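Asks: my questions concern the predicted model and sequence given below.
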Amino acid sequence: MESSERRKLILTHIKQSEKPVSASALATLAHVSRQIIVGDVALLRAAGHHIIATPRGYVCDVKEASGIRKTIAVDHTAEQMMDEIYTIIDLGGTLVDVIVEHPIYGQLSGQLHIASRYDAQQFYKNVCENRAKPLSNLTNGLHLHTLQCPSEEVYTRIIQRLDEKGFLYKR
């Protein structure tokens, strides 16, 4: 298979998948190494395709035609992270990313795309297995999230509940 055909296969597979697709799974599909896939994805991105690497694999960043996308500021401890995530997804939102402002590097962001309890549990498992610290540790708990919500009503419910829990940053 030629490289251009392989990239078409990769793009098609990522776009058609309902869940993130790992580089290893794509490598098996295309009969190449994982590193070849990583390079192919870089080339696809350079060609203008909006492919995002999440902790669970690649997804296409297709903004939903319906719904809203908003950024919120939150402040909480690392121990409260899963409570925050569950609050957002249980009320119907998708946690798109996490963003922190670093004094040296500027804005740092991590793609999350957590839309279900399964996604959240996989994320937490990955954090634990890798002994990783959340980006919010760099800013003593203060961070931003981009939320994707199907409606303004869902967004309002999420904000109200996060406020009740004391997670919203208000200073």
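Replies: It's in.
Asks: can you pull the contacts of the most centrally placed residue in the chain?
Replies: Central residue of the chain (C-alpha atoms, centre = their mean): L112, 1.7 Å from the mean position. Contact analysis of L112 by C-beta atoms under 8 Å, 6 or more residues apart in numbering lists 54-55, 95-98, 123. The C-beta positions use only the backbone N, C-alpha and C, and glycine is treated the same way.
Asks: same question, H76
Replies: 83-84, 136, 141, 166-167.
Asks: against R131, how distant is the nearest residue to it once chain neighbours are set aside?
Replies: Excluding the flanking residues, the one nearest H76 by C-beta to C-beta, 6 or more residues apart in numbering is F167, at 4.9 Å. In this structure, F167 and R131 are 24 Å apart, going by C-beta to C-beta, to the nearest Å.
Asks: more neighbours, those two?
Replies: Each of F167 and R131 has its neighbours counted (other C-beta atoms under 10 Å); F167 has more, 21 against 6.
Asks: give the contact list for that one.
Replies: Counting by C-beta under 8 Å, 6+ apart, F167 has contacts 74-76, 80, 84, 87.
Asks: do that again at 7 Å, thanks
Replies: Applying C-beta atoms under 7 Å, 6 or more residues apart in numbering to F167 gives the contacts 74-76, 84.
Asks: which ones among the residues you listed lie within helices?
Replies: E84 (DSSP state H).
Asks: angles on the backbone of the residue nearest to the centre of the chain, please.
Replies: Here is the backbone geometry of L112 (degrees, to the nearest 10): phi -110, psi -60.
Asks: ditto for N140
Replies: Torsion angles, degrees, to the nearest 10, at N140: phi 50, psi 40.
Asks: one more: G57?
Replies: Dihedral angles (degrees, to the nearest 10) for G57: phi 140, psi -170.
Asks: excluding its backbone neighbours, what's nearest it?
Replies: With C-beta to C-beta, 6+ apart as the criterion, G57 has its nearest non-adjacent residue at 3.3 Å, and that residue is P20.
Asks: residues touching the one you found, list them.
Replies: P20 is in contact with 54, 56-59, counting by C-beta under 7 Å, 6+ apart.
Asks: how about V59?
Replies: With C-beta under 7 Å, 6+ apart, V59 has these contacts: 14, 20, 52, 113.
Asks: make it 8 Å
Replies: With C-beta under 8 Å, 6+ apart, V59 has these contacts: 14, 17, 20-21, 51-52, 113.
Asks: lovely, talk soon.
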